[in-house]
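In: need the 3D shape of this:
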Amino acid sequence: MFISKNFRLKKRSYFIILISVIVLVYFVNSFIIYFSNNTDFNFKEITFFIDSDDNIDSLGIKLKPYLKSTNNFIKVAKKKGYSNNIKSGKYLIKKGSSNNDIINNLRINRLTVNVVFNNQERLEDLALRISKQIMIDSLSLVKSFLDPSFLSEKGFDSLNALSMYIPNSYNFYWDVSPEKFRNRMWNEYNSFWNEELENKAKKINLTKIEVYILASIVQKESAKQIEKSRIAGVYLNRLKRKMKLQADPTVIYAIKKETNNFNKIIKRVLYRDLKIKSAYNTYYRKGLPPSPICMPDMSTILSVLNAENHSFLYFVVDPQNPGFHLFSKDLVQHNRNKKKYINWLNEKKIYR
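Out: Numbers count the residues shown, from 1 in each chain. Model prediction:
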């Protein structure tokens, strides 16, 4: 059967056009998958976290509430080689981002988190608070904090290790390792303790760790910054005279430690408490306790280093001005002030 030349040419043209249309559709579809908006949320941006054990499938599940198509995201991730190179961390996705934008962002724009801590009583409490802000679990942090080799090298022990941590806010990658976190804190400690502050510590005859321990007592004694340097001065005066510090917060800490209950709330120290045979009971033994009883604020540490120079040896809560204290230079006046305070406690029915 004879087929005309024109027919064959038309058939070839139709075939070329069909292939061209298929190729065009493929590239248009690919362009849409790669570069069109794939976000599905109403916020300006969202942040999310990738765990160290996440794979492309678990990542897709995490992103599902925020994407129009997780399947398209996974397709592009595989084609761009990202599915085999997922990095843990905190990330941000802006509204209107394409799959290409999202994947490029996940590759290079790992965000830091602002880690804040202060006033914790123990390393365990510190580790727990930190673990709520970054990926590390608290047990791994405690293990790192108490690493014997590290403590020995840096001049700390398992009791006073808390004094290496200066409360503040710090930027970390969310997936920072326990060792990197601890090492950063060591660097911050050295940055805080500059030559000027070290000289101030020497002037009051305390080591850096002892300053921190005394500051922890001052921190528990008063929330009023205006009083802290005066309270610090009282304790320094007592240390110089070889007097017992007789600090109620250390007795409270001793009770908590003895009962292993650091959630216990104690509003009043009783006379029987003063007889507790504990290294933390400064009514029972002279000098500073063996470790901080809490993490003092940076401002409280500075209050100890800049303690007020005075002759006061005693202080007690001022019943007429709660939160503040009455200071005295002799025991006679102190006992008068103390009686007012005890009467006030009884009137308020604060028995423990």
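In: now the strands for the stretch 1-150 of the chain?
Out: 45-50, 89-94, 112-117 (DSSP state E, counting those that start in this stretch).
In: quick check: what element follows the strand or helix carrying Arg184 along the chain?
Out: Assigning secondary structure by DSSP states H and E places Arg184 in helix 178-192. Using DSSP H and E, the next helix or strand after helix 178-192 towards the C-terminus is helix 195-203.
In: sec struct for Lys244, please.
Out: Under DSSP: H, G, I helix; E, B strand; the rest coil, Lys244 falls in the coil class.
In: does it touch Arg285 like I think?
Out: Yes: counting by Cβ atoms under 8 Å, Lys244 does reach Arg285; the two are 7.3 Å apart. The way it works is simple: take the backbone N, C-alpha and C, and place the C-beta from them, glycine included.
In: re earlier: among the strands of the stretch 1-150 of the chain, which comes closest to Gly81?
Out: strand 45-50 (16.5 Å; Cβ to Cβ).
In: quick one, helices of the chain?
Out: Counting by DSSP state H, residue ranges of the helices within the chain are 5-35, 56-63, 70-79, 99-108, 123-131, 138-145, 148-154, 178-192, 195-203, 208-221, 225-240, 248-259, 298-305, 331-347.
In: adding mean pLDDT, write those out as a markdown table.
Out: Supplementary listing: the helices of the chain in a markdown table, determined by pLDDT from 0 to 100:
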| stretch | mean pLDDT |
| --- | --- |
| helix 5-35 | 61 |
| helix 56-63 | 94 |
| helix 70-79 | 92 |
| helix 99-108 | 92 |
| helix 123-131 | 96 |
| helix 138-145 | 97 |
| helix 148-154 | 97 |
| helix 178-192 | 97 |
| helix 195-203 | 97 |
| helix 208-221 | 98 |
| helix 225-240 | 97 |
| helix 248-259 | 94 |
| helix 298-305 | 97 |
| helix 331-347 | 90 |
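In: so for Pro289, which of those helices sits nearest?
Out: helix 248-259 (5.4 Å).
In: so which bits of that closest one are buried?
Out: For helix 248-259, a neighbour-count test (16 or more other Cβ atoms under 10 Å) marks Asp248, Pro249, Thr250, Val251, Ile252, Tyr253, Ala254, Ile255, Lys256, Lys257 as buried.
In: now swap in stretch 74-90 and tell me
Out: Ile74, Lys75, Val76, Ala77, Tyr82, Ser83, Ile86, Ser88, Gly89, Lys90.
In: counting neighbours, what do you get for Leu123?
Out: 22 (other Cβ atoms under 10 Å).
In: that one against Phe145, yeah?
Out: Yes: the criterion here is Cβ under 8 Å, and Leu123 meets it with Phe145 at 5.2 Å.
In: just to revisit the earlier point, need the buried residues of stretch 74-90 in CSV with distance to Phe324, can you?
Out: Shown next, in CSV, are the buried residues of stretch 74-90 (distance: Cβ to Cβ, whole Å):
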residue, distance to Phe324
Ile74, 63
Lys75, 67
Val76, 64
Ala77, 61
Tyr82, 60
Ser83, 62
Ile86, 56
Ser88, 49
Gly89, 47
Lys90, 43
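In: burial of Asp53, as a residue count?
Out: 8.
In: do the same with Phe35
Out: By the criterion of other Cβ under 10 Å, Phe35 has 13 neighbours.
In: contact partners for it?
Out: Ser98, Asn99, Asn100 (Cβ atoms under 8 Å, 6 or more residues apart in numbering).
In: out of the residues you listed, who's the most crowded?
Out: So for the contacts of Phe35 (other Cβ under 10 Å), the most neighbours sit at Asn99, 27 neighbours.
In: give the closest residue to Leu146 in space, chain neighbours not counted.
Out: Computed as Cβ to Cβ, 6 or more residues apart in numbering, the closest residue to Leu146 that is not its neighbour in sequence is Ser158, at 5.5 Å.
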